[in-house]
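**Student:** Any chance you can model this:
(chains A and B)
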Amino acid sequence: DARVTQTPRHKVTEMGQEVTMRCQPILGHNTVFWYRQTMMQGLELLAYFRNRAPLDDSGMPKDRFSAEMPDATLATLKIQPSEPRDSAVYFCASGWDRARDGYTFGSGTRLTVV
Amino acid sequence: TQLLEQSPQFLSIQEGENLTVYCNSSSVFSSLQWYRQEPGEGPVLLVTVVTGGEVKKLKRLTFQFGDARKDSSLHITAAQPGDTGLYLCAGFHNKAAGNKLTFGGGTRVLVKP
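**Tutor:** Sure thing, here's the model as predicted:
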């Protein structure tokens, strides 16, 4: 089965450090989402790309977060500087830009900022 | 506040019992999806409903989309321990706003043997 691959699976870092999370979407999918999941807020949309172009990143704190797709096989989410409140599970999902088809999620990156 | 409200937030039942999870919104969605998430994994798509009033069945799971496309329900018949997980509804906004997928807060279901 085709999978969305996220690395690393776990990351513990100190406050103030830069964190980079990576996602390899399913080959051929043209839409990529980044979500953050916490117990309090649930799944929050951070950013999404269609054909590698950013369409919406309004859910992302602009001063410290950035999302890019340098090529069709890689999406990145960076936090600089990281803060304890950024601790969460970050998910990447990919799919076709069609409402019927659904999206395939990766297994997530569990980030802990101490 | 969540755009999509799910209820209940938590449900604990015995194996063999039935359960229903609700997903409500004041917004109209072009389609709505249900996902199930297990610990340590990402959500996995169960079904997509598109037409108001639509009913879809997936073995013991029955999904309904409200006539006005603002709400949905998931009914599980004769629940089994394997049905344990976090159930999430997610709505697509219309094309003009981009095909953004917005999730509800989730319903955590525990089926005890």
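**Student:** ok, residue 22 - how many residues close by?
**Tutor:** Looking at chain A here, since you left the chain open. Residues contacting A:Arg22 under the criterion other C-beta atoms under 10 Å in any protein chain shown number 16. Every residue, glycine included, has its C-beta placed from N, CA and C.
**Student:** that's the wrong chain, I meant chain B
**Tutor:** B:Tyr22 has 17 nearby residues by other C-beta under 10 Å.
**Student:** got it, and A:Thr13?
**Tutor:** Applying other C-beta under 10 Å, I find that A:Thr13 has 17 neighbouring residues.
**Student:** partners of it in the sheet?
**Tutor:** Beta-bridge partners of A:Thr13, counted by DSSP bridges, are A:Val113.
**Student:** Next up, the contacts around it.
**Tutor:** Neighbour list for A:Thr13: A:Val19, A:Ser82, A:Leu111, A:Thr112, A:Val113, A:Val114 [criterion: C-beta atoms under 8 Å, 6 or more residues apart in numbering or on different chains].
**Student:** quick one: which of these has the most company?
**Tutor:** Within the contacts of A:Thr13, most neighbours by other C-beta under 10 Å means A:Ser82, with 23 neighbours.
**Student:** check contacts around that one.
**Tutor:** Neighbour list for A:Ser82: A:Thr13, A:Glu14, A:Met15, A:Gly16, A:Gln17, A:Glu18, A:Val19, A:Arg64, A:Leu111, A:Val113 [criterion: C-beta under 8 Å, 6+ apart].
**Student:** All set, thanks.
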